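Asker: take a look and give me a structure for this.
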Amino acid sequence: MNPFSSGTRLRDMIRAIRACKTAAEERAVVRKECAAIRAAINENDQDYRHRNIAKLMFIHMLGYPTHFGQMECLKLIASAGFPEKRIGYLGLMLLLDERQEVLMLVTNSLKQDLNHSNQYIVGLALCALGNICSAEMARDLAPDVERLLQFRDPNIRKKAALCSIRIIRKVPDLAENFLNPAVALLKEKHHGVLITGIELCTDLCKVSSEALDYFRKKCTESLVKTLRDVVNSPYSPEYDISGIADPFLHIRLLKLLRMLGQGDADASDCMNDILAQVATKTESNKNAGNAILYECVETIMSIEDNGGLRVLAINILGRFLSNRDNNIRYVALNMLMKAMTVDAQAVQRHRATILECVKDSDASIRKRALELLYLLVNENNVKPLTKELIEYLEVSDQEFKGDLTAKICSIVEKFSPEKIWYIDQMLKVLSEAGNFVKDEVWHALIVVISNASDLHGYTARALYRAFQTSAEQETLVRVAVWCIGEYGDLLVNNVGMLNIEEPVTVTESDAVDVVEVAIKRHTSDLTTKAMALVALLKLSSRFPSCSERIRDIIVQHKGSLVLELQQRSIEFNFILEKHQNIRSALVERMPVLDEATFSGRRAGSVPGAVSTSSGASLNLPNGVAKPAAAPIADLLDLSSDDAPAPSSSGGDFLQDLLGIDLLPTPAATGASQNPKAATDVLLDLLSIGTPPTGQSNSSTPDILSSSQDNKMLLANLDGLSSPSLSAQAASPATAAPVLDLLDGFAPSPKKQEVNGTAYPSIVAYESSSLKIAFNFAKSPGNPQTTLIEATFTNLSPNMYTDFLFQAAVPKFLQLHLDPASSNSLPASGNGSITQSLSVTNSQHGKKSLIMRIRIAYKINGKDVLEEGQINNFPREFDSTIFCFDSLT
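Answerer: I've put the predicted structure just below:
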């Protein structure tokens, strides 16, 4: 017999495939076998059809394409015999899924088999329907499945219940049809049927609030009784697992009771006793028992308040923490974190066990225990817990030091009872794991030190001692160098000695030695060396006897390859040589840093900081009320975090659109200033909050070229009419609308007239939903200025509302936008919106025009945003061709 004929047995094909030594050989065997199967399909070979489908299923499991055999599965399903149907349904479940269109052809066969007299064929149909049922099939076959929930054979009822779960997940509207049959299943004695009935009720509760209320009223007591019977049932070998009667049924019942009791006090009261019985009676020395206890704890935590039960549940989790199984301990830590929001005091009792878990060898348990311990810290236990964590920090693994250090620093900052304790703990952390401390942490430490005036000497001495033993910790070196530079005289003179201190003798030369070691260490980075140079400059005033030595150290960096160090060295040396008279004033102690301001800056709440969470909205001139949190800043992707925001703006996100400091132009002396101008974000942004002056103000940033002082980079973002400052000064009639706009009563500016040389219309952008066409013109005698009329056309069948066009250009260009003709764009091209633009190129002939644009609109209330960049304008402008790079 041909080894690759359709008559080849499945086992022979498997043996041939497994005998292949290379992937190429395997592909050759599969290719030949598939060719034989295709030939048999073409010949309509009915004798070996079931064998061919079995082979295709194996080939499918190997990852090869088998789509050509799908119709053969349908033919087998339509056959009369059980063996053929079994292979056909198995192939249907493996080779097809609910997305296949061919599945529609099998609906009628399924309906016939669901009504078949042979219960095994009914079971095959239910199994297939439960695996690949689509929404359309669910609607067609739901009545038959509902009828089978009352079938005489328990296996059919079980399969029908599982199939019902698939149906209600696909079509939640059918849930009400299964309520009464599901309740009937809860009275079953057969455990298999009962479990599937409980699962069906659980899914019904998930998809329908009416079903949840119905089961609360009708089934809570019966479910409690069922659970009690299972808990107290005698030994039954059929369901026994590790001495526990059917733990799977236990768990399913507890999950359903959890859903019924959540948010319902009456249902919760009904199940309190049985939950307490499960929690106390279940053995925890077997995995099955632990699974039941976990579900019981989850249920207790989810139902309505019962203090005694929750303490019992948390104690069970405490026992879990002592288990040798890492999985059980990890689950317990996760559950205790949830319990913190319910009963933190009960969790506190297990603090010692949780602390031991922080020291566990398993990395995931360590991390989760550390997160839980962080939640347990309060003002009463912060000192012992911090002491334990710092002691463990000394012996912890390197990969864990980062997380542990961050948590310790956060705990110390948050719950510190006094500054001296805060400083002591932070110095211990810096000594043990200074290289893992983030910059904002040691910055905060310096702020606290500067505010603790009575601890300056104590801190300097403590840092001096720590430096002697832990000079390899970079962060510790930085703080020590800063403190010695500021308070070196207090260190040398032992000022502010406390009773808890041991006396230490430090000479001026010793203090300078610390800074010199820091600056000469090859591992020191630029920040540390720069701080050391500043400290040396300060010590030169505090220690006059060492000034010559300090000068020699500073001079050594005059030839440094690092520009920052070279510049500091030269400048500091110049101060030491030429400006002795002002040196003491220059190097006075830093003023006390304001802790509230620093904390606010770290939290992002400093006044004047950029805020994107404001709920205020801006009335833009296109008639669109745009929320202040809309992400429309940085059209040119040149944002700067350091640029100051408008002081009283409700939409700080608009400030510094191009990454340049755009402050409002100050008014001339004697000019009246509108107090409301600062409230308009756009006016602050465009520096038109006050009338222009004839004088050039040196504080106004030069955001254009030197020949275009006092001209704005962006004019009329979002369609606002804002002529350039020079144009306002030249034409009082032009300045009037701006002043009117400050009061909120700006008349609609006239549309720019395009009377210059015209150019062909070009499609700037076209997508499936929007088309933008540009018409160009040049003003006679003014080649720098390009006049553009943009036409927006809606290509979709939906109307666009709140239509908004925005644009931004680099600093060598000046952009002017007129208001759009409308803010509604009709559907299907039945109308358009026009908007005029003018672009002035101060580098005409040298640099090409470039523009960044953004189009925002709404479709049925849903925001849509499109962005893009125009970087090549017509050849006649800058000898380039025109194209649009869509970034939609």
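Asker: if I look at residue 15, how far off is residue 53?
Answerer: 19 Å (C-beta to C-beta, to the nearest Å). From N, CA and C alone the C-beta is placed, and that goes for glycine too.
Asker: same drill for these two, tell me which one is more crowded.
Answerer: Higher neighbour count among residue 15 and residue 53: residue 53, with 25 against 10, using other C-beta atoms under 10 Å.
Asker: skipping its backbone neighbours, what lies nearest that one in space?
Answerer: residue 91 (4.4 Å; C-beta to C-beta, 6 or more residues apart in numbering).
Asker: so which helix or strand takes in the one you found?
Answerer: helix 82-95 (DSSP states H and E).
Asker: over to residue 864?
Answerer: Counting by DSSP H and E, residue 864 is found in strand 862-872.
Asker: and what of residue 365?
Answerer: Using DSSP H and E, residue 365 falls within helix 363-376.
Asker: contacting residues around that helix?
Answerer: Residues from elsewhere that reach helix 363-376 (C-beta atoms under 8 Å, 6 or more residues apart in numbering): 326, 329-330, 333-334, 336-337, 340, 344, 347-348, 351, 354-355, 357-360, 385, 389, 399-400, 403-404, 407, 410-411.
Asker: does residue 763 lie in a helix or a strand, and which?
Answerer: Using DSSP H and E, residue 763 falls in strand 762-766.
Asker: C-alpha coordinates for the helix or strand following that strand, CSV please?
Answerer: As assigned by DSSP H and E, the chain's next helix or strand after strand 762-766 is strand 770-779. Taking Å, rounded to 0.1, in the frame of the first residue of the first chain, the C-alpha atoms of strand 770-779 are listed here in CSV:
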residue,chain,number,x,y,z
LEU,A,770,-10.9,64.0,5.9
LYS,A,771,-9.5,65.9,3.0
ILE,A,772,-7.5,69.2,3.3
ALA,A,773,-6.8,71.3,0.2
PHE,A,774,-4.5,74.4,0.2
ASN,A,775,-4.9,77.3,-2.2
PHE,A,776,-1.7,79.5,-2.4
ALA,A,777,-1.1,83.1,-3.3
LYS,A,778,1.8,85.6,-3.0
SER,A,779,1.3,89.2,-2.2
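Asker: can you tell me which of the contacts of helix 363-376 are buried?
Answerer: 329-330, 333, 336-337, 347, 351, 354-355, 357-360, 385, 389, 400, 403-404, 407, 411 (16 or more other C-beta atoms under 10 Å).
Asker: keep only those of those residues that are in helices.
Answerer: Under the assignment DSSP state H, the buried ones among the contacts of helix 363-376 contribute 329-330, 333, 336-337, 347, 351, 354-355, 357-358, 385, 389, 400, 403-404, 407, 411 to helices.
Asker: where do the strands sit along the stretch 201-350 of the chain?
Answerer: Counting by DSSP state E, counting those that start in this stretch, residue ranges of the strands within the stretch 201-350 of the chain are 240-241, 244-245.
Asker: which helix runs longest in the chain?
Answerer: The chain, longest helix under DSSP H: helix 209-231.
Asker: that one - contacts with which helices or strands?
Answerer: helix 179-185, helix 191-207, helix 247-261, helix 265-281 (3 or more C-beta pairs under 8 Å, 6 or more residues apart in numbering; DSSP states H and E).
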